[in-house]
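A.B. asks: Have a look at this prediction, sequence included:
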Amino acid sequence: MARVLVIGGGIAGTAAALALHKAGFEAAVHEAHPDSAEDIGAFLTLASNGMRALAQLDASAAVTAFGFPLTSLRVMDDTGTELAHAPMGEASDPLLRYRCLRRGDLNTALQAEAARRGITVRHGARLVSVEDGPDGVTAHFTDGTTATGDLLIGADGLNSAVRPSISPGTRPFYAGQYVFYGYTRAASPPGTDACITMVRGSGAAFGYAVSPDGETYWFARVTGDPLPAEELAQGTPAHWRDLLLPLLRKDTTPAADLVAATGDDLMVTHATEIPTGAPWRSGRTLLIGDAAHAASPATGQGASVALEDAVVLAKSLRDAPDADAALALYETLRRPRVEHNITVSGSTSRGTHTPSAAARPSDEDLARLLDWGGDLWAERQVEKG
């Protein structure tokens, strides 16, 4: 049984460990952060494709214990006029409905599920270097310890410590927007249950959803130059409100009232992305998730495509005749979809219309890729004729 080292215990890494374990591999997760909640501030939505991937990992119940479902999307303009209201994703299937939850809760749920299945998740293990040898790959950590396996999966996010061993010149860059996230119980915006509202504001793109217990989750994406590093590091919730509110008060929508009613549960971050075409693998080492293909949050697909990565990686390793063939198969299957997402999301953030060179697989093709019972290697050989 192959031993797989997973560097990073976030969404991509822990999901990969769950998938590898299900496929019969020995996987151990090494996470630099001292506890499970690497990022407790921001929230995210898992789209139907992400929920489908979770279902293939038998992890739906663990995750749906947190957050709340979203079944419809409402769009309004800067005057508060409703432009559209329609079902979202696979709303008719309770297992595949969009889900809104805090990123830290998703991390916690996945890590708890990994522990329940007997998967090792080691916290406080900060990677220093990767050494690829003829008989295995070794991870060296800051505390002087090492771990050796047959493969190493770099799932350690945007500022990956694994990436320099594969592609030292690849670095994330600003995608044209900074993004605010906040929570409040002190305002009651209009809307229906299980609905996310997107506001096409004149100064910011804004979105909000209200949980069943009355807490509003909101975000705002502002196009412009990046915030200075010192301001980003030292800004307070009051400062972020003062920065955002003038942009929202130009419009007659619920956005300004929601932000004004938000207390300390407010944060801001830069939208960033990894350039398309960057290398993902070298020898026994592979990057997945944001470490390989981070995109701006404009399409809301980051967590969902990371969950897809986990399923397709484990199936590729299970089905292909050897590890090198498996990693090549994985990249062939994943790169078009995730690079399409990078391009589309980045274009949205920058307000451009850059066409994507990569074709987006159909929903039917994606469902086939994620179906745990399918044989990816055999299917690929049939396609190649």
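C.D. replies: Now that the structure is in, tell me what you want to look at.
A.B. asks: For E231, which non-adjacent residue is closest in space?
C.D. replies: H239 (7.9 Å; C-beta to C-beta, 6 or more residues apart in numbering). All C-beta spots, glycine's among them, are computed from the backbone N, C-alpha and C.
A.B. asks: How are the strands of the stretch 251-385 of the chain distributed by residue range?
C.D. replies: 266-273, 281-282, 285-287 (DSSP state E, counting those that start in this stretch).
A.B. asks: and if you look at the stretch 101-250 of the chain?
C.D. replies: 120-123, 127-133, 136-141, 146-149, 151-154, 173-184, 195-200, 205-210, 216-223.
A.B. asks: since we're on F180, how many residues are nearby?
C.D. replies: Using other C-beta atoms under 10 Å, F180 has 22 other residues around it.
A.B. asks: Am I right that it is in contact with L266?
C.D. replies: Yes. Contact criterion C-beta atoms under 8 Å: F180 and L266 qualify, at 6.8 Å.
A.B. asks: Need the overlap of contacts for the two.
C.D. replies: Residues touching both F180 and L266 (C-beta atoms under 8 Å, 6 or more residues apart in numbering): 240, 259.
A.B. asks: Now do the contacts for V305.
C.D. replies: With C-beta under 8 Å, 6+ apart, V305 has these contacts: 49-50, 289, 293, 295, 337-338, 341.
A.B. asks: now A91
C.D. replies: Contacts for A91 (C-beta under 8 Å, 6+ apart) come out as 71-72, 97-98.
A.B. asks: how does it look with 7 Å?
C.D. replies: Contacts for A91 (C-beta atoms under 7 Å, 6 or more residues apart in numbering) come out as 71-72, 97.
A.B. asks: what do you get for G67?
C.D. replies: 99-101, 105.
A.B. asks: would you turn these into a markdown table with neighbour count?
C.D. replies: Compiled in a markdown table, the contacts of G67 are given as follows (neighbours: other C-beta atoms under 10 Å):
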| residue | neighbour count |
| --- | --- |
| R99 | 24 |
| C100 | 19 |
| L101 | 21 |
| D105 | 18 |
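A.B. asks: and which of those is nearest S349?
C.D. replies: C100 (20.6 Å; C-beta to C-beta).
A.B. asks: Correct me if wrong: that closest one contacts F66.
C.D. replies: No. C100 is beyond contact range of F66, at 9.7 Å (criterion: C-beta atoms under 7 Å).
A.B. asks: if you go through the stretch 251-385 of the chain in chain order, where are the helices?
C.D. replies: Using DSSP state H, counting those that start in this stretch, the helices of the stretch 251-385 of the chain run over 255-260, 290-293, 302-319, 323-350, 363-370, 376-384.
A.B. asks: I'd like the distance from the spatially most central residue of the chain to S129, if you could.
C.D. replies: Nearest to the mean C-alpha position of the chain, by C-alpha atoms, centre = their mean, lies A303 at 2.3 Å. Here A303 is placed at a distance of 28 Å from S129 (C-beta to C-beta, to the nearest Å).
A.B. asks: Tell me how many other residues surround the residue nearest to A59 when sequence neighbours are not counted.
C.D. replies: Closest residue in space to A59, ignoring its immediate chain neighbours: E113 at 5.3 Å, by C-beta to C-beta, 6+ apart. Neighbour count for E113, taken as other C-beta under 10 Å: 21.
A.B. asks: E113 contacts A62, correct?
C.D. replies: Yes. Using C-beta under 7 Å, E113 makes contact with A62 at a distance of 4.2 Å.
A.B. asks: Need the overlap of contacts for the two.
C.D. replies: Common neighbours of E113 and A62 (C-beta under 7 Å, 6+ apart) do not exist.
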